[in-house]
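1. My questions are about this predicted structure, shown below with the sequence.
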Amino acid sequence: MAKLQDISTGAINKDDIARQIEAMQKQLNEWGRLISNEDRTKIITDDSGTERFLQGYQEGGFSNGNVGIKLSQEGSSVLDATGDELIFSTDFNLFKIVGSGTIIMPSVTTVADGTNTYSGGITSSVAHGLDFTPLVIAFLEVSSSQYSLMPYSETVSANSPSGGIISQFYRATTSSTNISIFRYVITYSSGLGAGTYSGANVKYFLLRETAS
């Protein structure tokens, strides 16, 4: 059997080999970067081919760890859109609901506090259990499954027993420990006199900012 000749690279220019290896390294690094981005970043284009939605990693694209979500306006690429060109970004200051509940307000009894004037007020408070003072949005249940945003006030005419005016007011406040609902009722006219006014339900939501 004839002996096979040894394979030799002596005829190949060493500089060419170095350049080929360097090119292969660059290509492998580029493939690795693309694969990594595919794992960490999702980009969606619209019907015109414009990149509109980005989810995941974008170097320099977000202020907090280069990771987030953003949606650009029509005609603007999400890859380089300015804040004004974005519809949404997790960098934007947004409110997050950190607590909610219902406070059942007790009835209020008015007492005489002037000529033909009777009034009374009450405050109900509950602990919110948070380690900061939240913002609050509250709604008064004015009738079954119907709510009005607070602060809430109303003034109505009373035709019985001898006419008069009933006015009431609600507001919500928060502190470092509690959420409080204040209710005040005042009536005008001797025909109404002192009276007890039934309670109501207040639905509240506690908020904080999610970005700075």
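-> Ah, there it is. A quick note: this is a predicted structure, and the numbers were derived from the prediction, not measured.
2. What's the first helix or strand after the helix or strand bottoming out on mean pLDDT in the chain?
-> Least confident element among the helices and strands of the chain, by mean pLDDT, DSSP states H and E: helix 14-40 (a mean of 73). As assigned by DSSP states H and E, the chain's next helix or strand after helix 14-40 is strand 41-45.
3. Neighbours of Leu135, how many?
-> Neighbour count for Leu135, taken as other CB atoms under 10 Å: 12. Every residue, glycine included, has its C-beta placed from N, CA and C.
4. who touches it in this structure?
-> 95, 174, 206-208 (CB atoms under 8 Å, 6 or more residues apart in numbering).
5. and it, how far is that from Val185?
-> According to CB to CB, to the nearest Å, Leu135 and Val185 sit 27 Å apart.
6. coming back round to it: any of the contacts of Leu135 buried? List them.
-> 174, 206-207 (16 or more other CB atoms under 10 Å).
7. Make a markdown table out of these and add secondary structure.
-> Listed next are the buried ones among the contacts of Leu135 as a markdown table, based on DSSP: H, G, I helix; E, B strand; the rest coil:
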| residue | secondary structure |
| --- | --- |
| Thr174 | strand |
| Leu206 | strand |
| Leu207 | strand |
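8. would you turn those into JSON lines with pLDDT and distance to Thr90?
-> Shown next, in JSON lines, are the buried ones among the contacts of Leu135 (pLDDT from 0 to 100; distance: CB to CB, whole Å):
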{"residue": "Thr174", "pLDDT": "97", "distance to Thr90": "26"}
{"residue": "Leu206", "pLDDT": "97", "distance to Thr90": "21"}
{"residue": "Leu207", "pLDDT": "96", "distance to Thr90": "17"}
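9. and of these, the nearest to Ser125?
-> The closest of those to Ser125 turns out to be Thr174 (CB to CB; 9.9 Å).
10. Am I right that that closest one is in contact with Leu130?
-> No - between Thr174 and Leu130 there is no contact under CB atoms under 8 Å: 9.1 Å.
11. Check the contact lists of the two and give me the overlap.
-> Shared contacts of Thr174 and Leu130, counting by CB under 8 Å, 6+ apart, come down to Leu206.
12. Where does the closest residue to Ala172 other than its chain neighbours sit: helix, strand or coil?
-> Once flanking residues are discounted, Ala172 sits nearest to Ala138: 3.7 Å by CB to CB, 6 or more residues apart in numbering. What three-state DSSP gives for Ala138 is strand.
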